[in-house]
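[1] prediction below, plus the sequence it came from.
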Amino acid sequence: MIIDCHGHYTTAPVALQGFRDRQVAAFGRGNGFDEPPPTISDAEIHDSIAANQLRLMDERGTDLTILSPKASAMAHHVPDVASAAVWARANNELIQRVTAAFPGRFAGVAQLPQAPGAPLDAAVAELRRCVEELRFVGCNLNADPSGGLWTGRPLVDEYWFPLYEAMVELDVPAMIHVSSSINPNFHTLGAHYLMADTAVYMQFVEHDLFDRFPTLRFVIPHGGGAVPYHWGRFRGLAQRLGRPDPSIGLAPNVFFDTCVYQAEGIELLLEVVGTQNVLFASEMLGAVPNCVDPESGDQWDDTKRYLDRAGLGADQVAAIFSGNAMRVYPRLETLASA
Ligand SMILES: [Zn+2]
């Protein structure tokens, strides 16, 4: 069984984004917006997945993808949580329809309605709806709803605790996933995403969040940003700050995916973080869709190739490709048994 824990519905019919554009424009003009989300047919959903994510899954041998809405389109920087709630709901409904259209091939992860500084009530309600009614297995949590300005509270602040309480109760993890950057210094995919991964890990190193929430679980995507490369710095800073060694202290709660688009990066991740805390993922179709490394001829995001060449033992393969995902996303078990 091969589970890819990080996929996005980036190929949703264009009518979806058109709806969001009109919604945001209406908010910008100070107008109300009561247009319903676009009607998208079952055939449109089928074709948009079959020709893209599902085709690549079959080519690469992936059995199941944990699928969430297009992350850069969440646009949590728009300071209106009411429209964010409508937008999240529309996206999550489509994810649910994908999971229903291709039974056993996709599991849903929720987009949460967030806005800079806004209370998390809407996010908690949408998480509950997605898990309890739509049978989702987790959520994406934007650590910087301001879109690259970092005006909010760190993830260890009690601002986030209502959401964590719901995650613990529902037994679902969050992938730390920011959205588009509105700061021209930070390219969304090449800088903002990776910096958020790195910044959040240091927040966890510095604070005792998991003393309060011992079963709370996060997946840090994109191989943890700069974390594996600077593993010694994080361990050293923990020592200097009188905090537990993160390789031990954070291991029950913080996991990394394999969305690193070169073999050396994946091998380093596995070497320093360890097999038990790494989940297979490719993030397709994400940052580099259908782009090929001219030197190797491999698609950059075909991360299974890098793992296949890493000389892993059978136990490591089982853990990385499915066992760890089943531990971190226990609701996958419920889906499988259904
Ligand atoms: Zn992603």
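    Happy to help now that I have it.
[2] going by C-alpha atoms from here, please, whenever you check contacts or count neighbours.
    Will do.
[3] quick one, strands of the protein?
    3-9, 64-69, 106-111, 138-141, 174-176, 218-220, 254-257, 278-279 (DSSP state E).
[4] so which of these gets nearest residue 330?
    Of all those, strand 138-141 sits nearest to residue 330, with 9.5 Å by C-alpha to C-alpha.
[5] by contact count, what packs against that closest one?
    Counting contacts by 3 or more C-alpha pairs under 8 Å, 6 or more residues apart in numbering; DSSP states H and E, strand 138-141 packs against strand 106-111, strand 174-176.
[6] now stretch 190-200 - C-alpha only, PDB.
    Taking Å, rounded to 0.1, in the frame of the first residue of the first chain, the C-alpha atoms of stretch 190-200 are listed here in PDB:
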ATOM      1  CA  GLY A 190       9.900  28.900  -3.600                       C
ATOM      2  CA  ALA A 191      10.200  31.000  -0.400                       C
ATOM      3  CA  HIS A 192       7.000  31.500   1.600                       C
ATOM      4  CA  TYR A 193       6.100  27.800   1.800                       C
ATOM      5  CA  LEU A 194       9.600  26.700   2.800                       C
ATOM      6  CA  MET A 195      10.100  29.600   5.300                       C
ATOM      7  CA  ALA A 196       6.800  28.700   7.000                       C
ATOM      8  CA  ASP A 197       7.800  25.100   7.400                       C
ATOM      9  CA  THR A 198      11.100  26.200   8.900                       C
ATOM     10  CA  ALA A 199       9.600  28.900  11.200                       C
ATOM     11  CA  VAL A 200       6.900  26.700  12.600                       C
END
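[7] picking that back up, among the helices and strands packed on strand 138-141, which is nearest residue 321?
    Judged by C-alpha to C-alpha, the one of the helices and strands packed on strand 138-141 that comes nearest to residue 321 is strand 106-111, at 15.0 Å.
[8] that closest one pairs with which strands?
    Strand pairing for strand 106-111, determined by DSSP bridges: strand 64-69 (parallel), strand 138-141 (parallel).
[9] next, the angle from that strand to strand 3-9.
    An angle of 60 degrees separates the directions of strand 106-111 and strand 3-9 when computed by axes from the mean of the first three to the mean of the last three C-alpha atoms, to 10 degrees.
[10] I'd like the distance from strand 106-111 to the chain centre, please.
    Offset of strand 106-111 from its chain centre (C-alpha atoms, centre = their mean, to the nearest Å): 9 Å.
[11] buried stuff in it?
    Neighbour-count burial for strand 106-111, with 16 or more other C-alpha atoms under 10 Å as criterion, is recorded at 106, 107, 108, 109, 110, 111.
[12] for these, which one is nearest residue 146?
    residue 111 (15.8 Å).
[13] mean confidence score for stretch 261-277?
    The average of the pLDDT scores along stretch 261-277 is 96.
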